[in-house]
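Asks: Prediction below, plus the sequence it came from.
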Amino acid sequence: MSGNDELIPAQAEAANVEDDIKTMELYNDILRIDNELKARGISDDDSVDPRVLSSIDSMHYEGDDAIVAAIKALNLSSTSEVLDIGSGFGGPARLLAAEAKCHVVAMELQRDIHEMATSLTKRCRLGELVRHSHGDILNFDMSTIGAGPGSFDAVVSWLVFLHISDKHALFTKCNEMLKAIDQGGQREGGKLFCDDFFLLNPFTSEQENSLKNDVYCTDLPSRKEYIQLLEDCGFHNIIFEDRTGPWTAYVNERLKEFVANRERFEGIHGEPPYEHLLHFYTAIVNLFNSGSLGGVRITAEKKP
């Protein structure tokens, strides 16, 4: 590597994270999206309904209901500017745009997933509302995102913050990107909406190892620690909605259906992708069934 090609420390750190997170099997075999579309009779040149696509490319829980919940909680509309952190294949961002007509910047760490997300958005004819950005929120010039800090009505994320250990830096960045409250009372402050994991009970060493290697997740906060963290980072009016019960039921049913449909899945995608996802889905079920892993939906407002 020549001197001009060397990465600066922040870029090198982001590159390492991008590589390391691939231990999580959900983020591999990404051609399964295209393969599934073709299996449903949708060719590479066909446009795609984002609502149809969401049943294929979603990596969060509770499907479209989780996105609709965000639209309602944040009161999103055609005038809203939204930043989606860890946007994956872009499914939530596209559905937000399709349903609420809001403008969304979809920021994704993993380049291969970012590139596929960009392509899928074009196929959904949503390029005017959804803009894609490749980067790590902790090591990125956020002045280049949208209109920069203080320009977003909402920051959203689904099952991504669990991957980021430095949550103080994360939520400080999220807060900085949100609009401040209008002192004249004409505009509310920006809001945060996220689905995430939290610590219910102490993990065994085996569970900690599974979290680290299968989920790329360490240092989960407890409910009390999570709320305090958000307050320290400039949020108030925090709603901490425990979703552990519904999500435990969801991941168990997902695994059951996945196993039942093995023949079809392998016929489209092959055996290795099946085994990869089976490993991941099983790990998640074991963690939720243990009673140690909790799921939460958080809504919070930027303090004046």
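Replies: Alright, I've got the coordinates. Numbering: from 1, shown residues only.

Asks: which residues are contacting the helix or strand containing residue 288?
Replies: Following DSSP states H and E, one finds residue 288 within helix 271-289. The contact list for helix 271-289, computed with Cβ atoms under 8 Å, 6 or more residues apart in numbering, reads 24-26, 28-29, 32, 207, 210-211, 214-215, 244, 247-248, 251-252, 254-255, 258-259, 262, 265-266, 293, 295. (Each C-beta comes from the backbone N, C-alpha and C, glycine too.)

Asks: what's the next secondary structure element after that helix?
Replies: Toward the C-terminus from helix 271-289 - assigned by DSSP H and E - lies strand 293-302.

Asks: lowest average confidence, helix or strand, in the protein?
Replies: helix 9-20 (a mean of 55; mean pLDDT, DSSP states H and E).

Asks: Mind exporting the C-alpha coordinates of the helix or strand following that one to CSV?
Replies: The helix or strand immediately downstream of helix 9-20 is helix 32-39, counting by DSSP H and E. What follows is helix 32-39, C-alpha atoms only, in CSV (Å, rounded to 0.1, in the frame of the first residue of the first chain):
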residue,chain,number,x,y,z
ARG,A,32,-30.4,-14.1,-1.2
ILE,A,33,-32.4,-10.9,-1.8
ASP,A,34,-32.0,-11.1,-5.6
ASN,A,35,-32.5,-14.8,-5.6
GLU,A,36,-35.7,-14.5,-3.8
LEU,A,37,-37.0,-11.8,-6.1
LYS,A,38,-36.3,-14.0,-9.1
ALA,A,39,-38.0,-16.9,-7.5
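
Asks: how about the helix or strand just after helix 32-39: buried residues?
Replies: Reading on from helix 32-39 to the C-terminus, the next helix or strand found by DSSP H and E is helix 50-57. Buried residues in helix 50-57, defined by neighbour count with 16 or more other Cβ atoms under 10 Å: 50, 53, 54, 56, 57.

Asks: List just the nearest of the residues you listed to residue 146.
Replies: residue 50 (20.8 Å; Cβ to Cβ).

Asks: shaky segments in the stretch 101-250 of the chain?
Replies: Low-confidence segments of the stretch 101-250 of the chain, defined by pLDDT under 70, span residues 183-187.

Asks: Repeat the analysis, applying 80 as the threshold.
Replies: 181-188 (pLDDT under 80).

Asks: quick one: the helices in it?
Replies: 111-123, 167-177, 205-214, 223-232, 244-260 (DSSP state H, counting those that start in this stretch).

Asks: mind putting those in TSV, mean neighbour count and distance to residue 159 included?
Replies: Output for these, formatted as TSV (neighbours: other Cβ atoms under 10 Å; distance: least, Cβ to Cβ, whole Å):
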stretch	mean neighbour count	distance to residue 159
helix 111-123	19	14
helix 167-177	19	14
helix 205-214	15	13
helix 223-232	15	15
helix 244-260	15	10
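
Asks: For residue 69, find the nearest of those helices.
Replies: So among these, helix 244-260 is nearest, using Cβ to Cβ, at 11.4 Å.

Asks: Report how many residues lie close to the residue lying closest to residue 231 once chain neighbours are set aside.
Replies: Among residues not flanking residue 231 along the chain, residue 238 sits closest, at 7.1 Å (Cβ to Cβ, 6 or more residues apart in numbering). By other Cβ atoms under 10 Å, 15 other residues sit near residue 238.

Asks: how about residue 238, what does it touch?
Replies: Going by Cβ under 8 Å, 6+ apart, the list of residues near residue 238 reads 227, 230, 231, 298, 299, 300.
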